[in-house]
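[1] task: produce atomic coordinates for the following.
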Amino acid sequence: MLVMGILNVTPDSFADGGRYNSLETALQRAREMIAEGVDIIDIGGESTRPGAQRVSADEELARVIPVITELAKDGVVISIDTMRASTALAAVDFGAQIINDVSGGLADPTMLKVAAQLKLPYIAMHWRGASKDMNSRAVYGDVVHDVIQELQERIRAALDAGISKDNLIIDPGIGFAKEADHNWKIIDHIDQFVSLGYRVLVGGSRKRFLGGDSPDGREAASVALTKRLSTSGIWGVRVHSVKLHKDVLAQ
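    Residues are numbered from 1 along each chain as shown. Prediction:
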């Protein structure tokens with residue numbers, strides 16, 4: 001199972017907003033993750049925490065491209081965390097090798113076609129709408145059934161756009177338009193997502209459903225979640241720290 005390290009080059013991400021909001025601090029953090037054995041570094045320039053407002057495309061690019069440019073020289077696998085096709089294109093030009101789109105192609109109607117043309121791995125997350133009002137969308141009949149059904153719609157759209165099955169990765173969207181019990185039900189039934197036949201990424205790190213008074217206080221629970229998922233058959237976990245997760249996977 002791969003460990004994808006989160007690098008938020010933003011002032012307002014929920015767990016680490018502002019910590020790595022300069023080229024110097026972002027590169028320092030990235031190189032710490034590389035030393036700890038990270039498999040992929042996921043670089044994002046726009047917060048998708050609940051309630052977050054979107055930033056302009058120019059601002060997003062200004063945040064991520066300098067970091068990608070420098071890290072590409074180190075040979076690390078870089079993922080660009082973006083909902084914009086234009087940002088994905090630019091990031092790939094400067095060295096990104098994976099596109100991580102939390103909207104699954106819904107936020108930008110050109111994203112799926114662009115991802116297909118780039119012929120790179122594309123991560124499609126389950127998404128019900130913008131961060132500013134996602135909490136109001138956390139209404140499900142059967143959350144596992146509903147999320148799978150909605151993800152299958154995105155899978156069909158991605159395949160129809162020309163993204164190959166081998167390049168498509170799915171993410172159930174833990175914490176996105178989901179209450180705590182929804183998240184736990186998805187985790188309890190993650191095998192149903194794996195059985196769809198695509199690689200699965202899970203991003204539960206430091207999120208509120210894990211308990212604790214602060215994001216940093218949820219690290220032990222985040223590591224326990226990785227341990228729990230280690231035998232599930234998923235492709236990877238998206239996490240804020242690296243060493244503790246690599247260590248638990250090595251046990």
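[2] longest helix in the chain, please.
    Ranked by residue count under DSSP state H, the longest helix found in the chain is helix 143-161.
[3] so which elements touch that one?
    Other helices and strands packing on helix 143-161, by 3 or more Cβ pairs under 8 Å, 6 or more residues apart in numbering; DSSP states H and E, are helix 111-118, strand 122-125, strand 168-171, helix 180-188, helix 190-194. For glycine as for every other residue, the C-beta is placed from the backbone atoms N, C-alpha and C.
[4] who's in contact with it?
    If you take Cβ atoms under 8 Å, 6 or more residues apart in numbering as the criterion, helix 143-161 is touched by 104-106, 112-113, 115-116, 122, 124, 126, 128, 140, 165, 168, 170, 172-173, 178, 182, 185-186, 189, 192-193, 196, 198.
[5] list the buried residues for it?
    Neighbour-count burial for helix 143-161 flags 143, 144, 147, 148, 150, 151, 154, 155, 158, 161 (criterion: 16 or more other Cβ atoms under 10 Å).
[6] now do stretch 108-119
    For stretch 108-119, by 16+ other Cβ under 10 Å, it's 108, 111, 112, 114, 115, 116, 118.
[7] adjacent strands (with direction) for the lengthiest strand in the chain?
    As assigned by DSSP state E, the longest strand anywhere in the chain is strand 2-8. Under the criterion DSSP bridges, strand 2-8 sits next to strand 40-44 (parallel), strand 236-239 (parallel) in its sheet.
[8] so can I have a markdown table of these showing distance to residue 89 and mean pLDDT?
    What follows is the strands paired with strand 2-8, written out as a markdown table (distance: least, Cβ to Cβ, whole Å; pLDDT from 0 to 100):
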| stretch | distance to residue 89 | mean pLDDT |
| --- | --- | --- |
| strand 40-44 | 15 | 97 |
| strand 236-239 | 22 | 98 |
